[in-house]
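**Student:** Okay, structure incoming, though there's no sequence with it:
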Ligand SMILES: Nc1ncnc2c1ncn2[C@@H]1O[C@H](COP(=O)(O)OP(=O)(O)O)[C@@H](O)[C@H]1O
Ligand SMILES: [Mg+2]
């Protein structure tokens, strides 16, 4: 398979997703550009996680196409699909780590599954990821229950990065973190994008995150992506949900805190 790097890493055309009679996406078009951090917002139950699962290949589209660097997953050979899957890292909502495994063992799970590296090398790679996500070295030997919420997110991120993916999907990564922990996590995402050349799709409700690290923002409403643009343009978009979301007191506070500096 020849990947066409002039094409977006992810491009969705005319997607339809449904569970029985519950239509979640209809005529949904969407694309993520190389090396951008794209924020995805939308009301609770609007279909953000279903969209992410579809991009990950965990859910089949019920209509339309999903292209990766110009290729539809369904036209790929089994081997190409596996290669593609290894190019995608994900931190699920809640970031579930295996509770019976140490952080190091958690990070080694994808390495065991997808590489033939010897155990010593796998341990070394896992410990390198621990370092990359800003955890202290001894965190590698701790169990998830021994970690703070912020450390657990970082450990989940380390596991998502185990195979050095090109695409990173994050579902509400800063949910449940205090504001300091959340902004430290945002900074880490920026640093990792630079260091690893990542393309990142991030589902988030965190207005500070949208203001500080997202290059563009997509809005999922009325079963489709209503707009993908810079944050100022999204905020000016005339749609009742958008106006309510970005016109509220929390959005104003985020603007006034000067966090808009990068975006405006
Ligand atoms: N596995 C599933 N089976 C049936 N319905 C589902 C499933 N996953 C999600 N849904 C439905 O899809 C819609 C969108 O869900 P979701 O993508 O989780 O929303 P959110 O935007 O909050 O992430 C909801 O109506 C939800 O009930
Ligand atoms: Mg969700």
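**Tutor:** Noted; the coordinates are in hand. Predicted, not measured: the structure shown is a model, and the values here were computed from it. Numbers count the residues shown, from 1 in each chain. Ligands and ions are numbered 1, 2, ... in the order given.

**Student:** Ligand 1 contacts on this structure?
**Tutor:** 19, 22, 24, 42, 44, 45, 46, 47, 48, 49, 50 (CB under 6 Å from any ligand atom). All C-beta atoms are positioned from the backbone trio N, CA, C, and that covers glycine.

**Student:** Of the residues you listed, which belong to strands?
**Tutor:** Members of the residues of the chain next to ligand 1 lying in strands (criterion: DSSP state E): 19, 22, 24, 42.

**Student:** Which one of the residues you listed is nearest to ligand 1?
**Tutor:** Ligand 1 has its nearest neighbour among those in residue 19, at 3.5 Å by CB to the nearest ligand atom.

**Student:** returning to that earlier point: distance to residue 204 for the residues of the chain next to ligand 1 - can I get that in CSV?
**Tutor:** CSV is the format used below for those (distance: CB to CB, whole Å):
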residue, distance to residue 204
19, 24
22, 24
24, 19
42, 10
44, 13
45, 16
46, 13
47, 15
48, 9
49, 12
50, 16
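
**Student:** Can you give me the neighbour number for the nearest residue to residue 234 once chain neighbours are set aside?
**Tutor:** Leaving aside its chain neighbours, residue 234 sits nearest to residue 217 (4.7 Å; criterion: CB to CB, 6 or more residues apart in numbering). Look at residue 217: counted by other CB atoms under 10 Å, it has 27 neighbours.

**Student:** neighbouring strands for the host helix or strand of residue 217, and are they parallel or not?
**Tutor:** Remark: residue 217 resides in strand 216-221, with elements defined by DSSP states H and E. Strand pairing for strand 216-221, using DSSP bridges, gives strand 37-42 (parallel), strand 224-229 (antiparallel).

**Student:** Return the most buried member of these.
**Tutor:** Highest mean neighbour count of the strands paired with strand 216-221: strand 37-42, a mean of 24 (counted as mean count of other CB atoms under 10 Å).

**Student:** Break down the protein into its strands, ranges please.
**Tutor:** Going by DSSP E, the chain shows strands at 10-19, 22-32, 37-42, 63-68, 71-72, 88-91, 167-171, 199-203, 216-221, 224-229.

**Student:** pLDDT averaged over the fourth one - what is it?
**Tutor:** Pointing back at strand 63-68 there. Summarised as a single mean, pLDDT over strand 63-68 is 97.
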